[in-house]
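J.: model the structure of this input:
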Amino acid sequence: MTFHWRVAAIVSTRARLRLGLQLIERNAGPKGFRHLARAAQSDCLEAHYQLGRCYLEGRAVPHSRAEAMHWLERAAQGGHGRAQFLVAALHTHGVGYATEETNSVGRLFSKSEDNAPDYESALLWARRAAKQGVAEAQALLGYLLTSGPESLRDLEQAEEWYRRSAAAGCVQGSLGLGLALLRKGGGEAALREAAVEIRKAAEADLGTAIYLLGVLTELVDRDLVAAASLYHRAAEKGVREGQLRWGLALLHGLSVERDIAEAESWLRRAAQAGDVEAAALMGHLCAHGGERPPDYAEAAIWLQRATEQGHAAAARMLSQLHAAGALGAPDPAAATEWLQRAADMGDRPAQAELGNLVLSGGGASDLLKVGDWFERSANTGDPVAAFNLAVCLTEGLGVEPDERKAAEWIRRAAESLPVAQYWYGRMLTEGRGLEADLAAARIWLGRAAENGIAEAQVMLGEMMLNARGGPRDQGTARDLFAKAAAQGHAGAMFALGVLAGGNGDDRASAQQWFRQAAERGHPYAQLMLARHLAHGQASSTDLVEAQRLLVAAQAAGVMEARLELERLPRSEAAPLSSATAA
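T.: Next up, the predicted model:
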């Protein structure tokens with residue numbers, strides 16, 4: 001008789017459970033919930049699970065995290081697999097998969113109910129549910145073993161659980177397996193297998209999978225049109241990476257018709273969702289203007305947001321806005337501060353720019369940092385950094401002065417940097433940091449001269465003219481001086497004047513070169529031109545102009561100019577003041 005009563009009780013509990021679910025489905029929530037509660041009083045695990053779901057999703061009763069956890073844990077403790085899965089998802093702080101049964105998990109933890117994840121408890125419950133064959137739990141377990149704390153990670157186990165989940169038809173498992181295979185590498189075969197699994201998830205309309213399929217379509221199949229279409233689908237499903245890629249496609253017209261306004265709309269959505277690259281792009285668009293005038297104030301907001309998320313180039317652009325006065329009056333202090341932040345975040349252009357600012361005496365940066373930046377970049381093969389490091393070593397800026405090391409770094413930079421070729425040739429000429437070698441200096445100066453470095457052209461011309469480091473070659477020297485003079489080099493102009501007037505047979509040409517050099521402040525050219533004007537060697541005599549040039553040359557330290565001033569006829573020249581005579 002007792003047995004029959006037990007059977008009747010079980011039948012009654014199951015009936016109440018079914019009735020309760022049917023009533024809730026028919027929008028008779030409160031009445032249906034009462035039937036579930038009665039069923040739960042009989043220790044029915046399914047009733048406990050369904051009650052937990054009601055509280056979790058706010059169905060038939062007000063949403064309550066505490067009540068949801070209470071009933072789900074009762075079901076989970078009794079061995080209910082799907083309840084164990086939901087408890088695991090809750091312990092993961094809402095990091096689960098968007099299934100019919102877990103849509104509410106993400107809503108559960110609002111900002112007002114922000115708890116730290118409990119990964120160990122999540123792993124425990126996910127493993128229990130996974131062993132019972134709950135495919136979603138297997139996928140969650142794979143996720144925890146892949147992306148949880150370092151101490152809990154096991155990539156081989158994660159891949160195995162993802163495979164089981166995928167084999168059971170769980171699209172989240174397929175997505176996880178595809179990601180695991182991409183992370184693992186292994187050549188084209190692994191890549192193709194990953195694409196198959198990700199495609200399954202994409203066909204189930206998972207936004208992240210659609211985006212990843214777009215990336216694979218672009219990289220593997222080289223089909224930019226299909227990739228853009230997938231990015232568009234992912235963007236419409238709210239995947240911020242998809243919004244970024246689709247926005248870029250519209251911005252640059254990549255396999256789609258260019259539409260700057262629409263591109264900005266999608267980039268703005270991605271930026272608002274927290275995508276740092278989109279925020280930096282929005283800053284760039286606002287600063288430079290798309291189809292509308294620049295908005296520097298909004299640009300600064302986006303760039304600052306990107307900087308706060310670690311985007312170094314955004315900080316550098318903020319520095320440029322402050323330096324240019326785009327946000328008001330030019331603010332060199334703010335510009336240097338943002339440039340410093342970009343440099344501290346590892347932005348090489350910012351480090352180089354700030355380093356050059358410091359080297360020129362215009363920056364208030366930490367010299368020790370500057371030397372360290374240059375050394376790290378130089379060690380990666382950056383020739384500009386190697387050159388700047390050599391300058392630091394020569395001048396003792398942020399590092400101990402060491403001309404020998406400076407010469408070594410200049411030599412490395414000289415392989416590809418013309419200005420370094422000039423300086424290395426000069427160091428070989430002067431014997432600074434290494435043994436002097438005039439023949440080798442000619443070679444390096446020749447390379448720099450061929451690359452258009454005017455100082456190298458003049459220095460090599462002088463060596464050829466005076467037979468230093470090799471034979472004398474006046475013709476080649478004249479050609480080198482002419483190339484440098486064409487770039488405005490006053491010393492080269494003076495040298496051409498000396499060559500032209502050396503034999504006294506081309507005084508007009510000599511005077512022309514001396515005048516060009518003198519106008520650029522070359523003191524010896526001023527002396528020579530004054531002599532031409534004072535002693536009738538020019539087409540006409542001009543003692544007033546000669547005196548002015550000699551005064552300027554004397555002020556620059558040319559002692560011969562004083563003697564010329566004393567010999568200058570006083571009748572036509574202005575009288576010498578005591579200060580001029582001194």
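J.: residues contacting stretch 189-202, please?
T.: Applying C-beta atoms under 8 Å, 6 or more residues apart in numbering, the external contacts of stretch 189-202 come out as 166, 171-172, 174-175, 177-179, 181-182, 184, 208-210, 212-213, 216, 220, 230. Every residue, glycine included, has its C-beta placed from N, CA and C.
J.: all strands of the stretch 351-500 of the chain, in order?
T.: In the stretch 351-500 of the chain, no strands are defined using DSSP state E, counting those that start in this stretch.
J.: low-scoring stretches of the stretch 51-200 of the chain, by residue?
T.: For the stretch 51-200 of the chain, applying pLDDT under 70 flags the ranges 93-115.
J.: again with the chain
T.: Along the chain, the parts satisfying pLDDT under 70 run over 1-11, 20, 28-29, 93-115, 289-291, 356, 358-368, 502-505, 537-539, 570-582.
J.: for it, which segments count as strands?
T.: Ranges of strands within the chain: none, based on DSSP state E.
J.: torsion angles phi and psi at residue 437?
T.: When read as degrees, to the nearest 10, the backbone of residue 437 gives phi -150, psi 90.
J.: where do the helices sit along the stretch 51-200 of the chain?
T.: Taking DSSP state H, counting those that start in this stretch as the test, the helices found in the stretch 51-200 of the chain are 65-77, 81-91, 105-108, 119-131, 135-147, 155-167, 171-184, 188-203.
J.: what sits closest to residue 166 if chain neighbours are left out?
T.: If the residues on either side of it in the chain are set aside, residue 166 comes closest to residue 173, at 4.0 Å by C-beta to C-beta, 6 or more residues apart in numbering.
J.: apologies, that question was intended for residue 534.
T.: residue 546 (4.0 Å).
J.: contact partners for that neighbour?
T.: Shown in contact with residue 546 (C-beta under 8 Å, 6+ apart): 529-531, 533-534, 568, 573.
J.: from residue 278, how far off is residue 269?
T.: 8 Å (C-beta to C-beta, to the nearest Å).
J.: compare the two and say which is more crowded by neighbours.
T.: residue 278 (26 against 18; other C-beta atoms under 10 Å).
J.: so what's the more buried one up against?
T.: 240, 243-244, 247, 267-268, 270-271.
J.: tally of neighbours for the closest residue to residue 74 other than its chain neighbours?
T.: Setting aside the residues directly before and after it, residue 74 is nearest to residue 48 in space (C-beta to C-beta, 6+ apart), at 4.5 Å. Residues near residue 48, counting by other C-beta under 10 Å, number 24.
J.: just checking, residue 48 touches residue 77?
T.: No: in terms of C-beta atoms under 8 Å, residue 48 does not count as a neighbour of residue 77; the distance is 9.2 Å.
J.: so the spatially closest residue to residue 214 that is not a sequence neighbour versus residue 86, what's the distance?
T.: Using C-beta to C-beta, 6+ apart and skipping residues adjacent in sequence, the residue nearest residue 214 is residue 230, 3.3 Å away. Using C-beta to C-beta, we find residue 230 at a distance of 31 Å from residue 86.
J.: so if I had to pick from those two, which one is more boxed in?
T.: Using other C-beta under 10 Å as the criterion, residue 230 and residue 86 rank with residue 86 on top: 31 against 24.
J.: the more buried one - nearest residue in space that isn't next to it in sequence?
T.: Per C-beta to C-beta, 6+ apart, closest to residue 86 is residue 72, 5.3 Å.
J.: and for the one you found, the neighbour number?
T.: Count around residue 72 with other C-beta under 10 Å applied: 28.
J.: dump the residue contacts of it.
T.: Residue 72 makes contact with 48-49, 52-53, 56, 83, 86-87, 90, according to C-beta under 8 Å, 6+ apart.
J.: run the last query once more with 10 Å
T.: Residue 72 is in contact with 48-53, 55-56, 80, 82-87, 89-90, 125, counting by C-beta atoms under 10 Å, 6 or more residues apart in numbering.
J.: likewise residue 37?
T.: With contacts defined as C-beta under 10 Å, 6+ apart, residue 37 is in contact with 16, 20, 47, 51, 54, 61, 71.
J.: let me know the closest of those residues to residue 256.
T.: residue 54 (45.6 Å; C-beta to C-beta).
J.: what sits against the closest one?
T.: By C-beta under 10 Å, 6+ apart, the neighbours of residue 54 are 20-21, 24, 29, 32-33, 36-37, 60-64, 67-68, 71.
J.: about what we covered before: ok, the residue nearest to residue 74 touching residue 79?
T.: No: contact status for residue 48 versus residue 79: not in contact, 11.2 Å apart, counting by C-beta atoms under 10 Å.
J.: list the buried residues for stretch 339-347?
T.: Buried residues in stretch 339-347, counted by 16 or more other C-beta atoms under 10 Å: 339-345, 347.
J.: could the residues you listed go into JSON lines alongside distance to residue 466?
T.: Shown next, in JSON lines, are the buried residues of stretch 339-347 (distance: C-beta to C-beta, whole Å):
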{"residue": "339", "distance to residue 466": "45"}
{"residue": "340", "distance to residue 466": "47"}
{"residue": "341", "distance to residue 466": "51"}
{"residue": "342", "distance to residue 466": "48"}
{"residue": "343", "distance to residue 466": "45"}
{"residue": "344", "distance to residue 466": "49"}
{"residue": "345", "distance to residue 466": "51"}
{"residue": "347", "distance to residue 466": "46"}
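J.: noted, bye for now.
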